[in-house]
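A.B. asks: sequence below, structure please.
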Amino acid sequence: MKEMIKSIFYIQIMKSLKCLSEDDASIKAKSEILQAPAKKELRPRNNLIPGMFNEQKRAYIKVPQEAKEQLFQLVFKKGFKIKEAAQKLFIKYATAKTIIFHMRKINQKQKNKRCKFCRYVPLKGNISFKLRIISIIQKNLISSVEYIVENKSLHLTDQPQHK
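C.D. replies: The predicted structure is shown next:
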């Protein structure tokens, strides 16, 4: 009964996200990905000295890339809380938090690489150059304006300085 409810709920989520067709969603709902492991299911570790450390290790389930992308969409684009999105995708809350944390970290690194601030340079002689200001929000182009800047004055850098 629980599995049937989970599969129906999963199909509804897929329809709302418009990611998969109904056939794909029913196949995914029956897959092993949605099967939550028993809490703190442990497996023995063979390579430890007996009595020195805890001889059990937790079993982990890898979250597929599709689920990570859906989590990203639910949290950042749809405005869900991490906990709600994790429950809808049948992911543990701690796992969802970790995924979001790493996504934010990756996005910050990409922004830092792209962001190059303006610099001031003394203009010498007749110089003209083009400036283009582009406004983009969530990969959508809002506006694009181009300016032509001309400097016709001479910059006096060769004169000796008075002390």
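A.B. asks: can you give me the strands for this structure?
C.D. replies: For the chain, the strands defined by DSSP state E occupy 42-44, 56-58, 127-137, 140-151.
A.B. asks: tabulate these (JSON lines), appending mean pLDDT.
C.D. replies: Converted to JSON lines, the strands of the chain look like this (pLDDT from 0 to 100):
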{"stretch": "strand 42-44", "mean pLDDT": "63"}
{"stretch": "strand 56-58", "mean pLDDT": "64"}
{"stretch": "strand 127-137", "mean pLDDT": "86"}
{"stretch": "strand 140-151", "mean pLDDT": "86"}
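A.B. asks: ok, which of the ones you listed comes nearest residue 69?
C.D. replies: Each of the strands of the chain was scored for nearness to residue 69 using Cβ to Cβ, and the closest is strand 140-151 (18.7 Å). Quick note: C-beta positions are derived from backbone N, CA and C, even for glycine.
A.B. asks: what lines up beside that closest one in the sheet?
C.D. replies: Here strand 140-151 has these sheet partners by DSSP bridges: strand 127-137 (antiparallel).
A.B. asks: what residues does the partner strand touch?
C.D. replies: Strand 127-137 is contacted by residues 141, 142, 143, 144, 145, 146, 147, 148, 149, 150, 151 when judged by Cβ atoms under 8 Å, 6 or more residues apart in numbering.
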